[in-house]
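>>> Show me the folded form of this:
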Amino acid sequence: MSLQPRSVFFAAIAVLLGIIGVWNESLISIPVWRIAVALLALGLIYEWVVVSRNQPAVRLIDGLQLKLGVDSQLDLAFLNTGSRRIKIDYAAALPAGLTGSREIGEVTASPVAEVIDKVPVRGVELGTRNWRHIPARVLGPLGLARWSRNLPLDARINVYPDTLGESRRKSSSSPQGAEARALIGGGMELHHLRQYRRGDARNAIDWKATARSGELVTRVFGEDQHLEILIAVDAGRMSRIQFDGMSQLSHYVNLAARFAEYAVIAEDRAGLVVFADRILRTVSPRRGLDGVQQVRKALHDLTPRAVESNLVQAALRIRSLARHRSLVILLTDLYDRDAHSQLARCTQLLLPKHLPVIVGIQSDEVAALAERTASSWFDPYKSLAAREYNMSVNLNVARLRRMGAYTVIARPRELDDRVISLYEKLRSKRLI
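Okay, the predicted model is just below:
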């Protein structure tokens, strides 16, 4: 129970009347303050009875499936089962793995009616989240107090890896672009025609054959380039580091899911290796929608492990999965002070048969910390630590490039574009 200003005012009046009665002997025989207290107590009892009889209910209408890292909304429906209008303020106490920009919400429900309130939410961890109840307070009919209630809510919210945007999906199958490049369907010799399959590039469609048959027909060229791509995701201790409100692993998962979708649109084969101190999950390179679904299924409910990652074991597993020269997208942390690190040995195992692309995330916070003006005695030490971190990352990037690997390090919001741009460049120049 939380007293409202009206109750506090009546209580203050009762106290004032009691003080006046003590000071003025002529008023002692008239217990006015007791009458005021009694009226306040009766009002609170009446409110408690009314609120207890008319328990509001809540349910989740929409938003049972969220995309990782994408701002969305949950539709909460509050049902007033009573015969009077009620006001409800509630705490948006989201389950672990979900964050929101609003802590308190307030709704007013008419008698025997339902009102919907939208709650901003963002999924920052994969998996299924159970939302069991919502702490709420109902305003009494006399406005004397707000009565605390735990509204039961049996909702299961699933957080999945993000999908490729519509604009990006169109650009991956469109023959137009900023520069000329080799695309699916761009071979020199026509091999055969076949029925259109979902995900085929638009420039591979034979429109004359389509007009004759009345169904979409795709051209298959003898010199088409079908690549094998293996995406390796590091789920070890360093993947727990937070960037833009999400763990490093969450950013890796989104990139892996979106990149796999982008690659199979170009009829490449996409596979997956998830590792920490051991191999956690693998998906052999596959083509088409089935390949994307298998990759997304393997990424679902993935969580960081509190162990050191074994990149050498991951490289050996990649070599056993990839029988031909493949593009290996390795998503891992680039901070390593050891010149003979596992990252270097992993790269050596992949080269020269495969083409590794090492991808890491750049932290805005660390960059700002390295350049921030000191305001306390401890700030110079923080700045030195940030600069040492940046220097170590830059040295590792330079070392990997000298070995023959490609590297991408960017802020989370730029990571997708940088990796996809490099993939298109390597593909167009047939370096894979």
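>>> where do the helices sit along the stretch 51-200 of the chain?
166-173 (DSSP state H, counting those that start in this stretch).
>>> Asn394 - how many residues pack around it?
Neighbour count for Asn394, taken as other C-beta atoms under 10 Å: 12. The C-beta positions use only the backbone N, C-alpha and C, and glycine is treated the same way.
>>> now do Ile13
Neighbours around Ile13, by other C-beta under 10 Å: 15.
>>> and it, that's in a strand?
No: counting by DSSP: H, G, I helix; E, B strand; the rest coil, Ile13 is not part of a strand but helix.
>>> pretty sure it is in contact with Leu39, am I right?
No: judged on C-beta atoms under 8 Å, Ile13 makes no contact with Leu39 at a distance of 10.2 Å.
>>> which parts of stretch 132-148 are buried?
Neighbour counts over stretch 132-148 (16 or more other C-beta atoms under 10 Å) mark Ile134, Ala136, Arg137, Val138, Leu139, Gly140, Pro141, Leu142, Leu144, Ala145, Arg146, Trp147 as buried.
>>> An error on my part: the question was meant for stretch 78-94.
Phe78, Asn80, Gly82, Ile86, Ile88, Asp89, Tyr90, Ala92, Leu94.
>>> who touches the last one in this structure?
This means Leu94. Contacts for Leu94 (C-beta atoms under 8 Å, 6 or more residues apart in numbering) come out as Gly100, Val119, Val121, Trp131.
>>> Which of the residues you listed has the largest number of neighbours?
Val121 (22 neighbours).
>>> where's that one relative to Arg219, distance?
Here Val121 is placed at a distance of 45 Å from Arg219 (C-beta to C-beta, to the nearest Å).
>>> Name the surrounding residues that touch whatever helix or strand Val49 lives in.
Secondary structure from DSSP states H and E places Val49 in helix 32-53. Residues from elsewhere that reach helix 32-53 (C-beta under 8 Å, 6+ apart): 1, 7, 10-11, 13-18, 21, 82, 84, 138, 140-142, 144-145, 147, 149.
>>> Of all pairs in the buried residues of stretch 78-94, which one spans the longest distance?
Gly82 and Leu94 (27.5 Å; C-beta to C-beta).
>>> quick one: which of the buried residues of stretch 132-148 is nearest to Gln342?
Ile134 (46.5 Å).
>>> which residues touch Lys429?
Applying C-beta under 8 Å, 6+ apart, no residues qualify as near Lys429.
>>> Report pLDDT for it.
Lys429 is assigned a predicted lDDT (pLDDT) of 80.
>>> Quick one: the helices in the stretch 251-400 of the chain, in order.
Under DSSP H, counting those that start in this stretch, the stretch 251-400 of the chain gives helices at 288-299, 311-321, 342-350, 364-371, 379-403.
>>> got the angle between the helix or strand just after the last one and helix 379-403?
Read in the C-terminal direction, the helix or strand following helix 379-403 is strand 406-410, with elements assigned using DSSP H and E. Inter-element angle recorded for strand 406-410 and helix 379-403: 150 degrees (by axes from the mean of the first three to the mean of the last three C-alpha atoms, to 10 degrees).
>>> Can you tell me which helices and strands strand 406-410 packs against?
Packed against strand 406-410 by the contact rule (3 or more C-beta pairs under 8 Å, 6 or more residues apart in numbering; DSSP states H and E) you find strand 355-361, helix 379-403, helix 412-428.
>>> For that strand, buried residues please.
Those would be Tyr406, Thr407, Val408, Ile409, for strand 406-410 by 16+ other C-beta under 10 Å.
>>> Reformat those as a markdown table; add distance to Ala235 and pLDDT.
What follows is those, written out as a markdown table (distance: C-beta to C-beta, whole Å; pLDDT from 0 to 100):
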| residue | distance to Ala235 | pLDDT |
| --- | --- | --- |
| Tyr406 | 22 | 94 |
| Thr407 | 20 | 94 |
| Val408 | 19 | 94 |
| Ile409 | 19 | 92 |
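>>> how about CSV for those, with distance to Tyr196 added?
Output for those, formatted as CSV (distance: C-beta to C-beta, whole Å):
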residue, distance to Tyr196
Tyr406, 34
Thr407, 38
Val408, 34
Ile409, 39
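>>> and which of those is nearest to Ile231?
Val408 (13.0 Å).
>>> remind me, longest strand of the chain?
Across the chain, the longest stretch assigned as strand under DSSP state E is strand 145-160.
>>> Now do that strand, average pLDDT.
89.
>>> And for stretch 274-294?
Mean predicted confidence for stretch 274-294 is 92.
>>> Next, the buried residues of that stretch.
Buried residues in stretch 274-294 (16+ other C-beta under 10 Å): 274-276, 280, 282-288, 291-292, 294.
>>> Show me which pair in those residues is furthest apart.
Ala276 and Gly288 (29.2 Å).
>>> How far off centre is stretch 280-290?
22 Å (C-alpha atoms, centre = their mean, to the nearest Å).
>>> With stretch 88-108 instead?
18 Å.
>>> what about dumping the CA coordinates of that stretch to CSV?
Presented in CSV, the C-alpha positions along stretch 88-108 are these (Å, rounded to 0.1, in the frame of the first residue of the first chain):
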residue,chain,number,x,y,z
ILE,A,88,-3.1,1.1,-12.8
ASP,A,89,0.6,2.0,-12.7
TYR,A,90,3.0,-0.9,-13.2
ALA,A,91,6.7,-1.6,-13.3
ALA,A,92,8.0,-2.9,-16.6
ALA,A,93,10.2,-5.5,-14.9
LEU,A,94,11.3,-7.4,-18.0
PRO,A,95,12.9,-10.8,-17.7
ALA,A,96,16.7,-11.2,-17.8
GLY,A,97,17.9,-10.9,-21.4
LEU,A,98,15.5,-8.1,-22.3
THR,A,99,16.0,-4.4,-21.8
GLY,A,100,13.6,-1.4,-22.1
SER,A,101,13.7,2.3,-22.1
ARG,A,102,10.7,2.7,-19.8
GLU,A,103,10.6,1.6,-16.2
ILE,A,104,7.1,2.7,-15.2
GLY,A,105,3.8,2.6,-17.2
GLU,A,106,0.3,3.9,-16.4
VAL,A,107,-3.0,2.9,-17.9
THR,A,108,-6.7,3.7,-17.2
